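# Next come a sequence and a model predicted from it.
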Amino acid sequence: MRNLRHRNLVKIISGCSSLDFKALVMDFMSNGNIASALEYLHHGSSIHVVHSDLKPANVLLDENMVAHVSDFGIAKLMDKGQSKTHTDTLATIGYLAPEYGSSGIVSVKGDVYSYGIMLMEIFTGKKPTDDMFVAELNLITWISGSLPNSIIKVLDSNLVQQNGEQIDDLLTCMSSIFALAMNCCKDSPEARMNMVDVTASLIKIKTSVLG
């Protein structure tokens, strides 16, 4: 893990372990492009690294507001030919993929699912564990019901207020973002996008917005 190098990963400096204590020593991020970091972990190194617990609390910002993925405490290392593994360690409720919660199956597609949930949370301001989500209503179904023509109902009100004069451009952009997030959060791991395609899609959306 210490050999991993990417501008959007928190550098692991060292580690320590005893019978009752394990810890990783990592670079300090003073403020506490994630897709690019996950693309590197999944496809850019000699082994597949599955983070297994991707959530906002594990994304830290440096003094330049550059995002870094951190906390590899339950990460899994897999050979190139290995598509999944099993674990008894439970990740954070709300962000873990269905197959992780039900069967303990860990794969890069589980990270993709968690990334999709994070995208939804960022732009709605709603956590997947919000009290409003009960029974069949969850963050995914709530947003899905707003697509494609009613997404203003689920957007963070601060985004709407700050972009009042460009609301049409905002809604077009967010429609693409939410559609991407939905493709990350398919029930079937095989149906989800991979992080190479996610990164490419985000770049395309950014280009269309900025011109």
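Received the coordinates, thanks.

# Can I get stretch 200-211 in PDB, CA atoms only?
This file holds the C-alpha atoms of stretch 200-211, laid out as PDB (Å, rounded to 0.1, in the frame of the first residue of the first chain):
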ATOM      1  CA  ALA A 200     -14.400   9.900 -18.900                       C
ATOM      2  CA  SER A 201     -18.100  10.700 -18.400                       C
ATOM      3  CA  LEU A 202     -17.300  13.300 -15.700                       C
ATOM      4  CA  ILE A 203     -14.700  15.000 -18.000                       C
ATOM      5  CA  LYS A 204     -17.300  15.000 -20.800                       C
ATOM      6  CA  ILE A 205     -19.900  16.600 -18.500                       C
ATOM      7  CA  LYS A 206     -17.300  19.200 -17.300                       C
ATOM      8  CA  THR A 207     -16.400  20.100 -20.800                       C
ATOM      9  CA  SER A 208     -20.000  20.500 -21.900                       C
ATOM     10  CA  VAL A 209     -20.600  22.900 -19.000                       C
ATOM     11  CA  LEU A 210     -17.400  25.000 -19.300                       C
ATOM     12  CA  GLY A 211     -17.400  24.900 -23.100                       C
END
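
# Which strand or helix spans the residue sitting nearest the centre point of the chain?
Residue closest to the mean C-alpha point of the chain, counted by C-alpha atoms, centre = their mean, is residue 115 at 1.8 Å. Per DSSP states H and E, residue 115 falls inside helix 108-124.

# Tell me the helix or strand right after that helix.
For helix 108-124, the following helix or strand on the C-terminal side (DSSP H and E) is helix 139-144.

# Please identify the buried residues of that following helix?
139, 140, 142, 143, 144 (16 or more other C-beta atoms under 10 Å). C-betas here are computed from N, CA, C, even on glycine.

# Residue 186: which of the residues you listed is nearest?
Distance to residue 186, by C-beta to C-beta, is smallest for residue 140 among the buried residues of helix 139-144, at 9.7 Å.

# Quick check: that closest one touching residue 187?
No. Here residue 140 does not reach residue 187: they are 9.4 Å apart, not a contact under C-beta atoms under 8 Å.

# Find the nearest non-adjacent residue to residue 53, please.
residue 91 (4.3 Å; C-beta to C-beta, 6 or more residues apart in numbering).

# what about the one you found, distance to residue 39?
Separation of residue 91 from residue 39 (C-beta to C-beta, to the nearest Å): 20 Å.

# Tell me which stretches of this structure form strands.
12-17, 22-26, 48-50, 59-61, 67-69, 76-78, 85-86, 105-106 (DSSP state E).

# Could I get the buried residue list for the fourth one?
Read it as strand 59-61. For strand 59-61, by 16+ other C-beta under 10 Å, it's 59, 60.
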